[in-house]
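S.K.: Just a sequence and a predicted model for now, questions to come.
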Amino acid sequence: MTNSTIGDVMSEGRNRALKSLAIFAGILVYLGMIAYSFVHNWSLMTSGIQEDMIIWAALGVICLEVSAMFLPVALHWWTHAPLQRFAALAFYGLDLALIFANVVLDYALVSQANVLALPEWLMMYRFYGVPATPVFCGLGWSLLFMLDPSQRERATKETLAASVKEVLSARIAQAAKGADIEAAVSEAAESLAREIIAQTLGVVPGHKAMTPAKATARPVRSVVIDGINPDKLGELVKLLRSNGNHPQARVYESEVDGLPNVADGGEL
């Protein structure tokens, strides 16, 4: 605990009050500059935009002033990484330079009766620099986001993950050349081919398709009957159908269609 007198306490309080007053005055002046440049910038940039499209281009028109307001906040609270801070300072300087150029150009166009009397570099900036100022602001903020340490950390992790995946893919391709892998693939391909063929033909896999049996002519026996009573002919026909080896019949093989018949010349 330091020894402080009443005078020291009063002096410290006065210093704090003056510091707060200076900060307030600085903020007020800075906001006045933003408002003044906004008027000139709006007049300058809206002159090249159709009236029915101004509402859509409003944010782009005032992007210089918005950047001038929030870049000091970013420098104080956000951009602490060395590379990011350097980019923020450069962006802030470029933003103020563009605001200065736009104010000078708009004032010259309003106050100068003869526009052709303006310097050539200012006329070139009017046609090629002023329309692109929103693009410069967008690029500046994009650069600050990309240089953020958290973004670089995430990019490093994603790069490492991508590298691991590439190495894994190469190892998988190399392992696929092995004989055991080739055999497994061939076996799987054969099994798949059998299933496809079975589905196409409508048969159960692993069983041979049943083919319709070819019609073959059954050899029909013709007989010559000796000493058979005609009354017993019907019984003899039944007997021949069930057993062709009747003791009174002589059997001959022949290729005929129909029932067994009694050969011509037989004795009934």
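M.R.: Sure, I can see it. Numbers count the residues shown, from 1 in each chain.
S.K.: C-alpha only now, for contacts and for neighbours.
M.R.: Will do.
S.K.: low pLDDT regions in the stretch 101-250 of the chain?
M.R.: 113-115, 203-250 (pLDDT under 70).
S.K.: please redo it, this time with the cut-off set to 90
M.R.: Applying pLDDT under 90 to the stretch 101-250 of the chain picks out residues 104-132, 151-156, 169-250.
S.K.: Next one: residue 135 relative to residue 141, how far apart?
M.R.: Going from residue 135 to residue 141 by Cα to Cα, to the nearest Å gives 10 Å.
S.K.: Comparing those two, which shows the higher neighbour count?
M.R.: Ranked by neighbour count (other Cα atoms under 10 Å), residue 135 and residue 141 place residue 141 first, with 16 against 11.
S.K.: secondary structure class for the more buried one?
M.R.: Following DSSP: H, G, I helix; E, B strand; the rest coil, the label given to residue 141 is helix.
S.K.: now do residue 79
M.R.: Using three-state DSSP, the secondary structure recorded for residue 79 is coil.
S.K.: so which helix or strand takes in the nearest residue to it once chain neighbours are set aside?
M.R.: Distance criterion Cα to Cα, 6 or more residues apart in numbering; nearest residue to residue 79, sequence neighbours excluded, is residue 85 at 4.9 Å. In this structure, residue 85 sits in helix 82-111 according to DSSP states H and E.
S.K.: Beyond that helix, next helix or strand please.
M.R.: Next along from helix 82-111, by DSSP H and E: helix 120-128.
S.K.: Go through stretch 100-116 and flag the buried ones.
M.R.: Buried residues in stretch 100-116, counted by 16 or more other Cα atoms under 10 Å: 101, 102, 103, 105, 106, 108.
S.K.: now the helices: where do they sit in the protein?
M.R.: If DSSP state H is used as the criterion, the helices of the chain fall at 6-45, 54-61, 63-77, 82-111, 120-128, 133-146, 149-175, 179-201, 233-242.
S.K.: buried set for the shortest one?
M.R.: So that's helix 54-61. Quick answer for helix 54-61 (16+ other Cα under 10 Å): 54, 60, 61.
S.K.: from the buried residues of stretch 100-116, which single one is nearest residue 11?
M.R.: Of all those, residue 11 sits closest to residue 103, with 42.5 Å by Cα to Cα.
S.K.: pretty sure that closest one contacts residue 40?
M.R.: Yes. With contact defined as Cα atoms under 8 Å, residue 103 reaches residue 40; the gap is 5.4 Å.
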